[in-house]
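Peer 1: what follows is a predicted structure for the sequence shown.
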Amino acid sequence: MRVADIVPVKAIAPIKGSEDFKSFTAVPFPIAVTKSRVFSPWSLPRLNLDLLPCLDVQGITQLHTLFTHFHLEFTDRERHVENKGKFDDILGVKHTIRSIFASFTGAWGTVNHSFGFLQAKDRNIDTFIFVTGLRLDLADHSVVADAFVLTLSEDLAMAGGIKALDAVEEFPLLKITLVEEELRVWKQLLPAFAERTRAGWQHGIDCKYLSQKGIPSHLGFGVDPLCHCGRGKKTEEFLKRPEWTPLAPFVTRIALSPLFGVPYLDKVLSYVKPVVEEGKRQCDVCKEGGKPKLLTCTRCKRGTYCSVVCQRADWKEHKVKCKIV
């Protein structure tokens, strides 16, 4: 057996200046666009939806486990704001995402696959979300919805999309009311959800992101935040529902996922500490409380026992873990 020589490799990575990222603006979910037309979602990881394992929603017998995961979206600051009865646009987006997942899985009763964002001001639908399935995001230990988005806009009408909507027979649609501030955040978020899963297509030289020198940070009702480059691409999952077929040329695929806080910036688990501590106040063997107090392994400080009898009974198994520690 021949061992290959180790050859040192030197990588030169010049630091990019702000002029190289024309679209980097003060928005929560920016997409950086370089001069060479390289698009990079700044705060969301890329996902190849086609490679992620599908989640059998009907086979989930413990949906509460899934939604315990969703509860961890909310930081302590956001929970404090909510408890005070105040509004936060990002908090509203997180609640809407959880509602979409809950409705799709049937956790809250009726199962829905299509959703409409209803503007609170005039009660008109601005955006449609169509969910085709759930997938496991293995890298982030989370779950992601394989979904498609369609925004009602003037350019959609010119392309024939409104006629396609009229041609579709009535299908169940869960309408979710959004205030203007939350709708604005969704307009910033949808391009990032689309870009993070872009595969099988490229942005063209006539992409509106390029002509606008980036993705606008302030988009109102009736304005499509997405470019047209991804319309009608990778719609195989979408076409599995015949009633949606007329809309296939006008939808864009997105990876819809929960939005978690950044642990080193926001506390996100303090409200579950009492539950964790309660679990630690049990004997590792008999699961009873201390007599009168629990004993702790003097070496690893992790094993807890109600008595010397239980500690001795557990020593054969515990000593392996204790050595590792």
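Peer 2: Now that the structure is in, tell me what you want to look at. Numbering: from 1, shown residues only.
Peer 1: what's the following helix or strand after the host helix or strand of Ile162?
Peer 2: Per DSSP states H and E: Ile162 is located in helix 161-167. The C-terminal neighbour of helix 161-167 among helices and strands, as given by DSSP H and E, is strand 174-178.
Peer 1: give me the angle between the following helix or strand past that next one and strand 174-178.
Peer 2: Next helix or strand after strand 174-178 toward the C-terminus (DSSP H and E): helix 180-195. With axes from the mean of the first three to the mean of the last three C-alpha atoms, to 10 degrees defining the directions, helix 180-195 sits at 120 degrees from strand 174-178.
Peer 1: which strands or helices does helix 180-195 pack on?
Peer 2: For helix 180-195, the elements it packs on are strand 31-33, strand 39-41, helix 89-105, strand 114-119, strand 125-137, strand 142-151, strand 252-256, judged by 3 or more C-beta pairs under 8 Å, 6 or more residues apart in numbering; DSSP states H and E. (Glycine included, C-beta is placed from N, CA and C.)
Peer 1: so which of those comes closest to Cys283?
Peer 2: Nearest to Cys283, of all the helices and strands packed on helix 180-195, is strand 142-151, at 33.4 Å by C-beta to C-beta.
Peer 1: okay, now the domains of the protein?
Peer 2: Taking automatic domain parsing as the criterion, the chain consists of the domains 18-256, 282-324.
Peer 1: from the middle of its chain, how far away would the first one be?
Peer 2: Relative to its chain's centre, domain 18-256 lies at 10 Å (C-alpha atoms, centre = their mean, to the nearest Å).
Peer 1: average pLDDT across that domain?
Peer 2: What domain 18-256 shows for mean pLDDT is 82.
Peer 1: tell me the most buried of the helices and strands packed on helix 180-195?
Peer 2: By mean neighbour count, with neighbours taken as mean count of other C-beta atoms under 10 Å, strand 252-256 ranks first of those at a mean of 25.
Peer 1: now what about that strand, what contacts it?
Peer 2: With contact meaning C-beta atoms under 8 Å, 6 or more residues apart in numbering, strand 252-256 is reached by 47, 49, 97, 100, 129, 131, 144-150, 190, 193-194, 196-197, 226, 230-231, 233-235, 238.
Peer 1: which strands and helices lie in contact with the helix or strand containing Leu210?
Peer 2: Taking DSSP H and E as the definition, one finds Leu210 inside helix 208-211. Here helix 208-211 touches strand 31-33, going by 3+ C-beta pairs under 8 Å, 6+ apart.
Peer 1: adjacent strands (with direction) for the strand it packs on?
Peer 2: Strand 31-33 pairs in its sheet with strand 39-41 (antiparallel), by DSSP bridges.
Peer 1: for the very next helix or strand once past the partner strand, packing partners?
Peer 2: Next helix or strand after strand 39-41 toward the C-terminus (DSSP H and E): strand 54-55. Packing contacts for strand 54-55, counted by 3+ C-beta pairs under 8 Å, 6+ apart, involve strand 125-137.
Peer 1: got the CA coordinates for the strand it packs on in CSV?
Peer 2: This file holds the C-alpha atoms of strand 125-137, laid out as CSV (Å, rounded to 0.1, in the frame of the first residue of the first chain):
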residue,chain,number,x,y,z
ILE,A,125,-55.8,38.0,-0.8
ASP,A,126,-52.2,39.0,-1.7
THR,A,127,-50.2,35.7,-1.7
PHE,A,128,-51.0,32.0,-2.1
ILE,A,129,-48.8,29.3,-0.4
PHE,A,130,-49.2,25.7,-1.7
VAL,A,131,-47.6,23.0,0.5
THR,A,132,-46.9,19.7,-1.2
GLY,A,133,-45.1,17.9,1.7
LEU,A,134,-42.8,18.0,4.7
ARG,A,135,-39.2,16.9,4.6
LEU,A,136,-36.6,16.4,7.3
ASP,A,137,-33.8,19.0,7.4
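Peer 1: relative to strand 114-119, how tilted is that strand?
Peer 2: Using the same axes, to 10 degrees: strand 125-137 against strand 114-119 is 130 degrees.
Peer 1: quick one, which of the domains of the chain is packed in tightest?
Peer 2: Most buried of the domains of the chain, by mean neighbour count (mean count of other C-beta under 10 Å): domain 18-256, with a mean of 17.
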